[in-house]
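Trainee: After the sequence you'll find the predicted model.
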Amino acid sequence: MYKQALKKFGYKITKSREVVIDFLQRQAQPVSAQDIFDKIRKDLDKVTVYRILEVLQEVGLVFKEYSGREALYYLAEKQHHHIVCRQCGHMECLPCHHFFPKIKNFSNISHRLTLSGLCDKCSK
């Protein structure tokens, strides 16, 4: 899947990109660029991690959302959202049903949705 998306946009499949994609495939929830760098430090520097994340977002393989001020990244076939427990940080996925038709004078439209609450464990 990711190889075709990269090629479609004219990007090569590099070892560095494969390392980041492989790491993201093994994550159960969105992670920060710092987390990615910390786990694969021996292979890549931080600037390279950020550049790879930008490319993967451009081709539609990785999506970015924010938790507070921190950017979190996740690999998915299509964008979805997450709800985060304000107390313990537990996170769950929620589907995204937002579709934006062509909007006059705009292209490459994206959106952000931040949801938080208390999970069942913390609300007791």
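Mentor: Thanks, I have the structure now.

Trainee: What about the closest residue to residue 98 other than its chain neighbours, how many residues nearby?
Mentor: Nearest residue to residue 98 in three dimensions, chain neighbours excluded: residue 111, at 6.0 Å (C-beta to C-beta, 6 or more residues apart in numbering). Heads up, the C-betas are built off the backbone N, CA and C, glycines and all. For residue 111, the count of nearby residues is 9 (other C-beta atoms under 10 Å).

Trainee: secondary structure element for residue 111?
Mentor: In the assignment (DSSP states H and E), residue 111 maps to no helix and no strand.

Trainee: Just confirm it contacts residue 97, I think it does.
Mentor: No. Using C-beta atoms under 8 Å as the test, residue 111 is too far from residue 97 to be in contact (11.6 Å).

Trainee: And the helices in the protein?
Mentor: 2-8, 15-25, 33-40, 46-58, 120-123 (DSSP state H).

Trainee: I'd like to know which of these lies nearest to residue 71.
Mentor: Closest to residue 71 of the helices of the chain is helix 33-40 (C-beta to C-beta; 6.8 Å).

Trainee: got the buried residues for that closest one?
Mentor: 33, 35-37, 40 (16 or more other C-beta atoms under 10 Å).

Trainee: and of those residues, the nearest to residue 86?
Mentor: residue 35 (20.3 Å).

Trainee: does residue 93 really touch residue 82, like I thought?
Mentor: Yes. Counting by C-beta under 8 Å, residue 82 is a contact partner of residue 93 at 5.9 Å.

Trainee: out of the two, which sits in the more crowded spot?
Mentor: More crowded of residue 93 and residue 82, by other C-beta under 10 Å: residue 82, with 18 against 14.
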